[in-house]
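1. here is a sequence together with a model predicted from it:
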Amino acid sequence: MNRCIPVAALCLGLLTAAAAHAQAVQRNFPAKALRGTLVVAQPPLVAMDDQPTRLSPGARILDIHNNLVRSASLINQELVVNYTTDQRGQVHQVWILTEAEAKEKRPGLGTERNYTFESLQTSPARTRASANN
């Protein structure tokens, strides 16, 4: 009976150390992974940076702890992700990002423009535009 206590304490210590190590692991994303905003509409239909697309037949979505997540549990949530696409352009691998990972710079497929719509401008720019008229 007395031998069980040290074994249990050792197992508990190993589990605690493994959990702490799992939280501190930095994920390495593929170089071809892009940054985007994912919104699952109706699986497999998704919007990536407001552009409608699809999840590939074998798509995998991983949460911040690298656990597999089903797309149906993410419906109508706007998530900052890194992702890869397959040969058909469908979203194949998705990593939901932590706040620290989201701050890192990474290219994305988002729409880039060299102009700003008036509806997207801040109020001081609108007043300058109305003053010129």
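-> Received, thanks. Residues are numbered from 1 along each chain as shown.

2. what helices or strands is the helix or strand where I61 lies leaning on?
-> Per DSSP states H and E, I61 falls inside strand 51-62. Here strand 51-62 touches strand 45-48, strand 68-69, strand 91-96, going by 3 or more CB pairs under 8 Å, 6 or more residues apart in numbering; DSSP states H and E. C-beta coordinates here come from the backbone N, C-alpha and C atoms, glycine included.

3. show residues contacting stretch 41-59.
-> Contacts with stretch 41-59, where a contact means CB atoms under 8 Å, 6 or more residues apart in numbering, come from 36-40, 71-72, 75-76, 83, 85-86, 88-94, 108-111.

4. if we go to 7 Å?
-> Applying CB atoms under 7 Å, 6 or more residues apart in numbering, the contact partners of stretch 41-59 are 36-40, 71-72, 86, 90-92, 108-111.

5. buried residues in that stretch?
-> Going by neighbour count (16 or more other CB atoms under 10 Å), the buried part of stretch 41-59 is P43, V46, M48, T53, L55, S56, A59.

6. how near is the third one to E101?
-> Here the criterion is CB to CB, to the nearest Å. By it, M48 lies 17 Å from E101.

7. before we move on, what about N66?
-> 12 Å.

8. low-confidence stretches in this protein?
-> The model of the chain has pLDDT under 70 over residues 1-24, 109-133.

9. quick one: S73 is in a helix?
-> Yes: counting by DSSP: H, G, I helix; E, B strand; the rest coil, S73 falls inside a helix.

10. okay then, goodbye and thanks.
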